[in-house]
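Sharing a sequence plus its predicted fold:
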Amino acid sequence: LGAVRAGDFFVALSKSGISINNSCRFLVFINKMENFIKATSKSSILIKGEEIALLAEGIRDFFEMNVIVKSERVRHDGKKDLQKLFSGSSFPSGDSLQTPRSFQFQLYLAALMDLSGFDITLKEPDFFFQYKSRKYSVAAKRINSPSKIYTRLSEAKKQIKNYGDLGFIAFSIDRVGWDEMNKDTYIVTKNPDVLYSDGKTILYDVLRNKFKKAVLDNLDSQ
């Protein structure tokens with residue numbers, strides 16, 4: 001079922017003029033998961049850490065891509081940036097370039113706003129949206145290391161200050177949840193309540209201990 005749905009949005013992307021290489025991380029994930037499901041159906045092998053990380057990352061990638069594809073505005077106006085999403089490693093820790101997943105976060109956020117009923121425009125700093133006749137800019141930053149938090153938020157503030165409109169900094173923390181930056185983070189549990197409580201604890205810890213100073217120092221009336 002997952003492969004069929006994935007195939008549907010690859011068709012939609014192709015119709016929008018996006019070329020997709022057979023070796024892209026999305027298709028690699030589909031092939032690996034199909035092989036993994038076939039293997040587990042034939043034996044009672046245990047799921048290894050690397051396979052769990054691949055599953056978690058692949059599900060997140062496809063969820064975000066599904067939102068992006070549903071937005072006709074992003075597919076049309078963001079075609080140039082959308083084409084850049086299909087490179088990169090299967091795991092964030094394996095990326096030699098951060099650009100593909102950074103654009104993925106940016107376009108996912110813009111698509112989410114579009115599908116939520118906001119009138120969006122894809123332009124610097126990253127995109128704009130209208131709300132109650134007011135225009136707001138958004139600078140979307142995917143932060144890849146705790147050491148880059150302050151710099152990236154400062155960069156985003158400067159980008160927004162270049163425009164006369166009010167703005168927001170949107171930042172992704174998927175790479176700063178753990179201190180071991182060479183690891184791909186995930187939580188394994190049989191209890192969904194634990195997933196929620198642990199996720200909230202991690203989020204609060206990250207914001208309080210890693211982001212608080214950078215956020216406070218970059219607050220601005222604009």
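Yep, it's here. Source: prediction; values computed, not measured. Residues are numbered from 1 along each chain as shown.

From now on I want contacts and neighbour counts done on CA atoms only, so please keep to that.
Noted.

hey, which strand is longest across this structure?
Using DSSP state E, we find that the single longest strand of the chain is strand 134-142.

For that strand, buried residues please.
Buried positions in strand 134-142, judged by neighbour count with 16 or more other Cα atoms under 10 Å: 135, 136, 137, 138, 139, 140, 141, 142.

Next: stretch 166-177.
Across stretch 166-177, burial judged by 16+ other Cα under 10 Å covers 166, 167, 169, 170, 171, 173, 174, 175, 176, 177.

Okay, strands next: where are they in this protein?
Listed in chain order, the strands found in the chain under DSSP E are 119-121, 127-131, 134-142, 166-172.

Reformat those as TSV; add distance to residue 84 and mean pLDDT.
Listed next are the strands of the chain as TSV, based on distance: least, Cα to Cα, whole Å; pLDDT from 0 to 100:
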stretch	distance to residue 84	mean pLDDT
strand 119-121	19	96
strand 127-131	17	95
strand 134-142	15	94
strand 166-172	18	94
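
now this structure, which segments are flagged as low pLDDT?
Counting by pLDDT under 70, the chain shows low-confidence ranges at 1-7, 42-50, 178-185.

Okay, helices next: where are they in it?
2-15, 25-42, 49-70, 72-77, 79-82, 99-115, 149-161, 192-206, 212-217 (DSSP state H).

Deepest-packed of those helices, please.
Stretch with highest mean neighbour count among these: helix 99-115 (a mean of 21; mean count of other Cα atoms under 10 Å).

what helices or strands is it leaning on?
Secondary-structure packing of helix 99-115 (3 or more Cα pairs under 8 Å, 6 or more residues apart in numbering; DSSP states H and E): helix 49-70, helix 72-77, helix 79-82, strand 119-121, strand 134-142.

Among those, which comes closest to residue 191?
For the helices and strands packed on helix 99-115, the distance to residue 191 is smallest for helix 49-70, at 16.2 Å, taking Cα to Cα.

Show me what that closest one is in contact with.
Outside helix 49-70, the residues that touch it by Cα atoms under 8 Å, 6 or more residues apart in numbering are 6, 9, 12-13, 26, 29, 33, 74-75, 90-91, 104-105, 107-108, 111-112, 115, 184-186.
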